[in-house]
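Asks: model this:
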Amino acid sequence: MKTESVTLTKQELTEAITSPVSIFDFPLEVVACPGLSRDQKIEILKRWELDARALQRATDENMSGDEPNLLDEVNRALMMLDPENSAPDGFGSAPTKV
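Replies: Numbers count the residues shown, from 1 in each chain. Modelled structure (predicted):
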């Protein structure tokens, strides 16, 4: 984690939600962060997933930089927090009628 404290300030939380890599080095750090609620962790990881998918598209089009793509790690972290609504491919489960 790029911050010294185990709890995030409001500003750090906002940064984590808008740009997870500005606060966290790895997706599992989000899962392990005691200062975040489960919902906050999922929100941060969902944002990270969007960023990782954009990076993957850029890589597929030979436009990526040196950033590692952590999509698989993000998906594993999401599965740990929300197994019912996370699919292995990261797209989430299909809605079902009850």
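Asks: ok, now which ones touch the residue lying closest to Ala77 once chain neighbours are set aside?
Replies: Using C-beta to C-beta, 6 or more residues apart in numbering and skipping the chain neighbours, the partner closest in space to Ala77 is Pro27 (3.9 Å). Bear in mind the C-beta positions are built from the backbone N, C-alpha and C, glycine included. Contacts of Pro27 were listed using C-beta atoms under 8 Å, 6 or more residues apart in numbering, and they are 20, 45, 48, 70, 73-74, 76-77.
Asks: Sort out which one of those lies nearest Gln11 for me.
Replies: Pro20 (14.5 Å; C-beta to C-beta).
Asks: between the contacts of Pro27, which has the most around it?
Replies: For the contacts of Pro27, neighbours were counted using other C-beta atoms under 10 Å, and Leu45 has the most, 29 neighbours in all.
Asks: got a list of what that one touches?
Replies: Contacts for Leu45 were tallied using C-beta under 8 Å, 6+ apart; they are 20, 27, 30-31, 74, 77-78, 81.
Asks: how about the CA coordinates for the strand or helix carrying it, as PDB?
Replies: For Leu45, the element it lies in under DSSP states H and E is helix 38-60. The C-alpha atoms that make up helix 38-60 are tabulated as PDB, following Å, rounded to 0.1, in the frame of the first residue of the first chain:
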ATOM      1  CA  ARG A  38     -16.800  -4.600   2.000                       C
ATOM      2  CA  ASP A  39     -18.800  -2.300  -0.300                       C
ATOM      3  CA  GLN A  40     -15.900   0.100  -0.600                       C
ATOM      4  CA  LYS A  41     -13.500  -2.700  -1.400                       C
ATOM      5  CA  ILE A  42     -15.800  -3.900  -4.100                       C
ATOM      6  CA  GLU A  43     -16.200  -0.400  -5.600                       C
ATOM      7  CA  ILE A  44     -12.400   0.100  -5.700                       C
ATOM      8  CA  LEU A  45     -11.900  -3.300  -7.300                       C
ATOM      9  CA  LYS A  46     -14.600  -2.700  -9.900                       C
ATOM     10  CA  ARG A  47     -12.800   0.500 -10.900                       C
ATOM     11  CA  TRP A  48      -9.500  -1.300 -11.000                       C
ATOM     12  CA  GLU A  49     -11.200  -4.000 -13.200                       C
ATOM     13  CA  LEU A  50     -12.300  -1.300 -15.700                       C
ATOM     14  CA  ASP A  51      -8.800   0.200 -15.800                       C
ATOM     15  CA  ALA A  52      -7.300  -3.200 -16.300                       C
ATOM     16  CA  ARG A  53      -9.700  -4.000 -19.100                       C
ATOM     17  CA  ALA A  54      -8.800  -0.700 -20.800                       C
ATOM     18  CA  LEU A  55      -5.100  -1.600 -20.400                       C
ATOM     19  CA  GLN A  56      -5.800  -5.000 -21.900                       C
ATOM     20  CA  ARG A  57      -7.500  -3.500 -24.900                       C
ATOM     21  CA  ALA A  58      -4.600  -1.100 -25.400                       C
ATOM     22  CA  THR A  59      -2.200  -4.100 -25.200                       C
ATOM     23  CA  ASP A  60      -4.200  -6.000 -27.700                       C
END
